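Chemist: below is the structure, and that's it, no one-letter string:
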């Protein structure tokens, strides 16, 4: 089964002038945005080392320093292959932003790549696993605008001012949501230069965003892709059609971009998401429909405080039995009103799942 790294090997000798940007190119560069580039790539648009030069920089790092900058071990192969390819090696990197503000509940990062024939590719990072980033994702259910979306719109506006020519915008997970939001909210002059916005399994929006004139103006340029068992990409609402991609993983692991299957210059496409994905999608929508905006906010804030009190800083720590025990202990310490609210909201989620199964009993549990 071929993945985007295989695509990179096959496509490496074709320049973007010879073969324009593809959805797989967009996923590759969205994956690159997860790599921490602070200290290596300028946050301004005055300097732009190439991907070939970046690859050399990474080879000179110690093993410990290298691994600290990677989201996934395969990112090392990605950086090396990008640097060695004719297609990507000469692309300049600039505008590396890294923002993490717990007080503002902001986790944001982006990178701009300068295309050889002119124009630029802007890639927004998705959630990085920090509790702050996870909280910001949950805030999408009750806030009209989260700080990361505002930062994305400002970032794209600046990139548009500094980089002439066509613009391509992309991201994976929350980065996909940021790409769409930035494209919808940027100025008319920047928006007119956007050739495509790629959303790779990123959540949608609340209904008011789908009715926004800026969103309507770029709707025909939004390309959304989700794996067959998508959960993240099915959250909230989408007005644009989406393409279902075959993943070699199962369940939530299909969110991993390295698991998306590629054939030639495109993804391996399937007809529709799985029944399990549909069940989760409908269950969460029913659950949210039962709560007012203020109730959603109260639940998310209380859950976040509970995890903070249990000394959890990254969402992956919930896989550790000791951390789960700490969360349960903290739940016992909560005041009765908060504890009852948390349990009542979780009960609504269980009820929503039961109602989904009543309406569609063929769906898997």
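Modeler: Right, received. Where do you want to start? The model shown is predicted, which means the values in this text are computed figures rather than measured ones.
Chemist: what segments of the stretch 251-365 of the chain are helices?
Modeler: 275-289, 293-309, 321-333, 336-359 (DSSP state H, counting those that start in this stretch).
Chemist: quick one: those as CSV, columns for distance to residue 53 too.
Modeler: Just so you know, the C-beta spots here come from the backbone N, C-alpha and C atoms, and that holds for glycine as well. Output for the helices of the stretch 251-365 of the chain, formatted as CSV (distance: least, Cβ to Cβ, whole Å):
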stretch, distance to residue 53
helix 275-289, 41
helix 293-309, 40
helix 321-333, 41
helix 336-359, 49
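Chemist: residue 49 is nearest to which of those?
Modeler: helix 293-309 (37.8 Å; Cβ to Cβ).
Chemist: buried residues in the closest one?
Modeler: The neighbour-count check on helix 293-309 (16 or more other Cβ atoms under 10 Å) flags 295, 296, 297, 298, 299, 300, 301, 302, 303, 304, 306, 307 as buried.
Chemist: related to what we said a few turns ago, reformat the helices of the stretch 251-365 of the chain as TSV; add mean pLDDT and distance to residue 62.
Modeler: What follows is the helices of the stretch 251-365 of the chain, written out as TSV (pLDDT from 0 to 100; distance: least, Cβ to Cβ, whole Å):
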stretch	mean pLDDT	distance to residue 62
helix 275-289	78	42
helix 293-309	78	33
helix 321-333	73	30
helix 336-359	73	44
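Chemist: of the ones you listed, which approaches residue 231 most closely?
Modeler: Closest to residue 231 of the helices of the stretch 251-365 of the chain is helix 275-289 (Cβ to Cβ; 5.3 Å).
Chemist: go through the closest one and flag the buried ones.
Modeler: Across helix 275-289, burial judged by 16+ other Cβ under 10 Å covers 276, 277, 278, 279, 280, 281, 282, 283, 284, 286, 287, 288.
Chemist: and stretch 74-81, by the same measure?
Modeler: Across stretch 74-81, burial judged by 16+ other Cβ under 10 Å covers 74, 75, 76, 78, 79, 81.
Chemist: which residues in the stretch 51-200 of the chain form helices?
Modeler: Using DSSP H, counting those that start in this stretch, the helices of the stretch 51-200 of the chain run over residues 51-59, 63-68, 74-84, 131-139, 147-162, 174-185, 188-191.
Chemist: winner for burial among the ones you listed?
Modeler: When the helices of the stretch 51-200 of the chain are scored by mean count of other Cβ atoms under 10 Å, the highest mean neighbour count falls to helix 174-185 (a mean of 28).
Chemist: remind me what that helix packs against, helices and strands.
Modeler: Under the contact criterion of 3 or more Cβ pairs under 8 Å, 6 or more residues apart in numbering; DSSP states H and E, helix 174-185 touches strand 120-124, helix 131-139, helix 147-162, strand 167-172, strand 194-200, helix 213-218, strand 222-227.
Chemist: the first one: how far from the chain's middle?
Modeler: In this case it means strand 120-124. Relative to the centre of its chain, strand 120-124 is centred 13 Å away, using Cα atoms, centre = their mean, to the nearest Å.
Chemist: same check, this time on stretch 181-189
Modeler: Here stretch 181-189 is found 18 Å from its chain centre; the criterion is Cα atoms, centre = their mean.
Chemist: cool, stretch 132-148 as well?
Modeler: 13 Å.
Chemist: next: stretch 91-104.
Modeler: Per Cα atoms, centre = their mean, the centroid offset for stretch 91-104 relative to its chain is 14 Å.
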